[in-house]
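**Student:** Show me the folded form of this:
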Amino acid sequence: MAIALGILVLVVVTVLFHFLSPWWFTPIAADWEFLDLTVDITFWLTGAVFIALNGFLIWVILKYRHREGLKAHYEPESKKLEWWLTIVTTIGVVALLAPGLWVWGKFVDVPDDAQPVEVVGQQWHWNYRFPGADGQLGQADIALVSPANPFGLKADDPAGQDDIVVNDAVLHLALGQPYKLVLRSRDVLHNFTVPQFRVKMDLVPGTTSYQWLKPTRTGQFDVLCEELCGIGHFAMRGAVVVDPPEDFQAWLDGHPTFAEFSGRAEPDVTAGRALYATCSACHGPGGEGNEMLNAPRLAGQQPEYLMRQLRNFKHGLRGASSDDPFGMQMAPMASTLRDDAAIANVVAYIDSLEVEAPAGTITGDTERGAKLFGTCASCHGKQGQGIWALNAPRLEGINDWYLKRQLQNYRQGIRGSHPQDLYGKQMNLLSGMLRDEQSMNDVVAYINSL
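**Tutor:** So this is what the prediction gives:
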């Protein structure tokens, strides 16, 4: 009796949990209601079978419980029962599979008016590419990937010259426009997922896959990688913004074509020297940094990282929090660089500077720090040299007091809190492994030893 009662409680609690639970799909934002319907059908069918089987089990326990004078009847075979089980099971399997096959048929049948968009995944970042006026995406080759050609496009392919490159983790789409997302990986297996869109697909190295959708409401939605792709998998985030068509077109027009991106003029180091005169007041004439002015060393840092940080300061992604007074000091200084060309020029000049690595000011357990740095090394390199392909800056040779302050800012959410600072959000998550100040001291002391 106790077993039957326990099974009954289990069934009741399970059913109540399903209907009363606040956890369910996020509101859909694409024309894929069929997937929700398929899942609902699966829940109803499996739920009915769950209740029926447990109800039958309760009935069997009660009816055939041990009683004095009763003897069990042994019947090893029953063709009637086997036929009924075969028929009912077949109906159930067909009811489960048929909706999925129907939806899969729609999934692989891309509408003729779907606009192609390339999604490029890498550890741990997303990039995007739109076709130009010819409506075709140019050819790409992973072997051609470099800081000057992050998509690896073939320069001799005329179809790729007008492709619009979005070297950013935020993708914009137009409301009501069907899209075919062509998926490509630069390194390992990834999976492009926007929960509100319902559709998802793996990115397989060496080939391309695809999914299609039509956005049905405006808003910003998270992009997730739902394939274990390495130590930073959980922090591989991006965003999709669905805009009205006119806003989408304005956003798209603000990005360069591949021809414009690859044909940019080389930075002017001489012009950069003049622009750096303002920076030198704090960061020093040789980019050596000045702790008294809370200005870190700039010489030796990766140019791509410096350019991104100057843009972040300029556009309010960094230095907008009142809890970051030193960042607030940098924001107006970055605004003196009027455009990307000026930023490129001053960064090119900084890249030409050479100074000795600063002396360490923080002590800690370097042996313990080496173990903690094992996670950091996955992005920043074993020697803290930085890896541009992972958007990870150089750590070796950077002022230790500055590194510690940035780790504190990440942990406290002072830095990386802006919704468009996706790399900052990655560091918010990863800096959580340093649970206290001593851990920060240890890892920074180890970086000093590199």
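
**Student:** got the contact list for the closest residue to residue 351 other than its chain neighbours?
**Tutor:** Excluding its sequence neighbours, the residue lying closest to residue 351 (CB to CB, 6 or more residues apart in numbering) is residue 303, at 5.0 Å. All C-beta atoms are positioned from the backbone trio N, CA, C, and that covers glycine. Shown here is residue 303, whose contacts under the criterion CB atoms under 8 Å, 6 or more residues apart in numbering are 347-348, 350-351.

**Student:** Which of those ranks first by neighbour count?
**Tutor:** Comparing the contacts of residue 303 by number of neighbours (other CB atoms under 10 Å), residue 347 comes first, having 27 neighbours.

**Student:** Surely it is within a strand?
**Tutor:** No. Applying DSSP: H, G, I helix; E, B strand; the rest coil, one finds residue 347 to be helix, outside a strand.

**Student:** do you know how far it is from residue 49?
**Tutor:** In this structure, residue 347 and residue 49 are separated by 63 Å, where distance is defined by CB to CB, to the nearest Å.

**Student:** Now the phi/psi pair for the residue lying farthest from the centre of the chain, please.
**Tutor:** Among residues of the chain, the one most distant from the C-alpha centroid is residue 69; the distance is 67.8 Å, by CA atoms, centre = their mean. When read as degrees, to the nearest 10, the backbone of residue 69 gives phi 90, psi -10.

**Student:** Likewise for the one 3 residues further on?
**Tutor:** With angles defined as degrees, to the nearest 10, residue 72 shows backbone torsions of phi -70, psi 140.

**Student:** quick one: it and residue 4, what's the gap?
**Tutor:** Counting by CB to CB, the gap from residue 72 to residue 4 is 18 Å.

**Student:** and those two? which has more neighbours close in?
**Tutor:** residue 4 (16 against 7).

**Student:** Average pLDDT for the helix or strand that one falls within, rounded please.
**Tutor:** With elements delineated by DSSP states H and E, residue 4 resides in helix 2-20, which encompasses its position. Mean pLDDT, helix 2-20: 90.

**Student:** what does stretch 433-446 give?
**Tutor:** Here the mean pLDDT over stretch 433-446 is 92, rounded to a whole number.

**Student:** Please put the alpha-carbon coordinates of that stretch into CSV.
**Tutor:** The C-alpha coordinates for stretch 433-446 follow below in CSV (Å, rounded to 0.1, in the frame of the first residue of the first chain):
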residue,chain,number,x,y,z
MET,A,433,37.2,31.9,-10.3
LEU,A,434,39.4,34.4,-8.3
ARG,A,435,37.4,34.2,-5.1
ASP,A,436,39.4,36.6,-2.9
GLU,A,437,42.1,39.3,-3.0
GLN,A,438,44.8,36.7,-2.2
SER,A,439,43.9,34.8,-5.4
MET,A,440,44.2,38.0,-7.4
ASN,A,441,47.6,38.7,-5.9
ASP,A,442,48.8,35.2,-6.6
VAL,A,443,47.8,35.2,-10.2
VAL,A,444,49.1,38.7,-10.8
ALA,A,445,52.4,37.8,-9.1
TYR,A,446,52.7,34.8,-11.4
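
**Student:** Provide the contact partners of it at residue level.
**Tutor:** For stretch 433-446, the surrounding residues in contact (CB under 8 Å, 6+ apart) are 360, 362-366, 368-370, 372-373, 375-376, 400, 403-404, 407-408, 411.

**Student:** Report the buried residues of it.
**Tutor:** 434, 439-446 (16 or more other CB atoms under 10 Å).

**Student:** Hmm, residue 180 is touching residue 116, no?
**Tutor:** Yes. Checked against CB atoms under 8 Å, the pair residue 180 and residue 116 is within contact range at 5.0 Å.

**Student:** residue boundaries of the helices in the stretch 151-300 of the chain?
**Tutor:** 245-253, 258-262, 269-283 (DSSP state H, counting those that start in this stretch).

**Student:** Present those as CSV; the columns should include mean pLDDT and mean neighbour count.
**Tutor:** Written out in CSV, the entries for the helices of the stretch 151-300 of the chain read as follows (pLDDT from 0 to 100; neighbours: other CB atoms under 10 Å):
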stretch, mean pLDDT, mean neighbour count
helix 245-253, 93, 13
helix 258-262, 85, 17
helix 269-283, 92, 16
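
**Student:** quick revisit: sitting in helices, which of the buried residues of stretch 433-446 do you find?
**Tutor:** Per DSSP state H, helices hold the following members of the buried residues of stretch 433-446: 439-446.

**Student:** Can you tell me which of those residues comes closest to residue 40?
**Tutor:** Residue 40 has its nearest neighbour among these in residue 439, at 47.0 Å by CB to CB.

**Student:** CA atoms only for stretch 93-113, dumped as PDB, please.
**Tutor:** Coordinates of each C-alpha in stretch 93-113 appear next as PDB, following Å, rounded to 0.1, in the frame of the first residue of the first chain:
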ATOM      1  CA  VAL A  93       5.700   6.300 -31.900                       C
ATOM      2  CA  VAL A  94       4.100   7.600 -35.100                       C
ATOM      3  CA  ALA A  95       2.400  10.400 -33.200                       C
ATOM      4  CA  LEU A  96       5.700  11.400 -31.700                       C
ATOM      5  CA  LEU A  97       7.800  11.200 -34.900                       C
ATOM      6  CA  ALA A  98       5.300  12.500 -37.500                       C
ATOM      7  CA  PRO A  99       5.200  16.200 -36.200                       C
ATOM      8  CA  GLY A 100       9.000  16.200 -36.000                       C
ATOM      9  CA  LEU A 101       9.500  14.900 -39.500                       C
ATOM     10  CA  TRP A 102       6.900  17.500 -40.800                       C
ATOM     11  CA  VAL A 103       8.800  20.400 -39.000                       C
ATOM     12  CA  TRP A 104      12.200  19.100 -40.200                       C
ATOM     13  CA  GLY A 105      10.800  19.200 -43.800                       C
ATOM     14  CA  LYS A 106      10.000  22.900 -43.200                       C
ATOM     15  CA  PHE A 107      13.400  23.400 -41.600                       C
ATOM     16  CA  VAL A 108      15.400  22.200 -44.600                       C
ATOM     17  CA  ASP A 109      13.100  24.000 -47.200                       C
ATOM     18  CA  VAL A 110      14.500  27.500 -47.200                       C
ATOM     19  CA  PRO A 111      12.100  30.200 -48.600                       C
ATOM     20  CA  ASP A 112      13.200  31.700 -52.000                       C
ATOM     21  CA  ASP A 113      13.100  35.200 -50.500                       C
END
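
**Student:** contacts for that stretch?
**Tutor:** Residues lying outside stretch 93-113 but in contact with it, judged by CB under 8 Å, 6+ apart, are 34-35, 37-38, 41-42, 45-46, 178, 180, 199, 210-212, 214.

**Student:** and if we set it to 6 Å?
**Tutor:** Under the contact criterion CB atoms under 6 Å, 6 or more residues apart in numbering, stretch 93-113 has outside partners 34-35, 38, 41, 45, 178, 180, 212.
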